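1. build me a model from this:
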Amino acid sequence: MIGGVHTIFHSKQAEALRAFFRDVLEFPSVDAGHGWLLFAVPPGELAVHPARERSYHELYLMCADIKAEVARLRAKGVELLEPVSEQDWGSLARLQLPDGESLGLYQPKHPLAIRMASSDRPTTRGKGTKRGATRSRSRRRS
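-> Next up, the predicted model:
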């Protein structure tokens, strides 16, 4: 049985991207060794849509209130490449990542396959179990 999904971002500015996920998005992480951070991400959904031409993949971070999340991210210096647009099925925006790439932000308006956490962010960190990994320290929200 599949127990999870492992997502990989390949970047020429890996440290800047790791700092973004750690400090801006405040995703908890474990150090798998030698500074290789593995981030815990919120639950997700997987959808398959028909393609008009060639096949491709997309990644969107989901939130319950896109306007509040955009304001929170802007306050941390994140730029929007595309302003929030309203679709029948959800509200979308596109964030600028530190390495020059982009990442979608999405507030769904359709039924969800998951129970999405809105503002619950972990504040305690435990010890990892794989290869003696320990959780990295992150800033607490004030």
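2. C-alpha from now on. contacts and neighbour counts both.
-> Will do.
3. ok but residue 56 is inside a strand, no?
-> No. Under DSSP: H, G, I helix; E, B strand; the rest coil, residue 56 falls outside any strand and is assigned coil.
4. that one: neighbour count?
-> Look at residue 56: counted by other Cα atoms under 10 Å, it has 6 neighbours.
5. one more: residue 79?
-> Using other Cα under 10 Å, residue 79 has 17 neighbouring residues.
6. how much space separates the residue nearest to it when sequence neighbours are not counted from residue 58?
-> The shortest distance from residue 79 to any non-neighbouring residue, by Cα to Cα, 6 or more residues apart in numbering, is to residue 96 (5.5 Å). Counting by Cα to Cα, to the nearest Å, the gap from residue 96 to residue 58 is 15 Å.
7. and the two? which has more neighbours close in?
-> residue 96 (15 against 7).
8. can you pull the contacts of that one?
-> Applying Cα atoms under 8 Å, 6 or more residues apart in numbering to residue 96 gives the contacts 78, 79, 80, 81, 102, 103.
9. same deal with residue 40?
-> The contact partners of residue 40, by Cα under 8 Å, 6+ apart, come to 27, 28, 29.
10. go with 10 Å
-> Residue 40 makes contact with 6, 21, 26, 27, 28, 29, 30 under the criterion Cα atoms under 10 Å, 6 or more residues apart in numbering.
11. wait, is residue 21 part of a helix?
-> Yes. Assessed with three-state DSSP, residue 21 lies in a helix.
12. tell me who's in contact with it.
-> By Cα under 10 Å, 6+ apart, the residues touching residue 21 are 27, 28, 29, 37, 39, 40, 41, 97.
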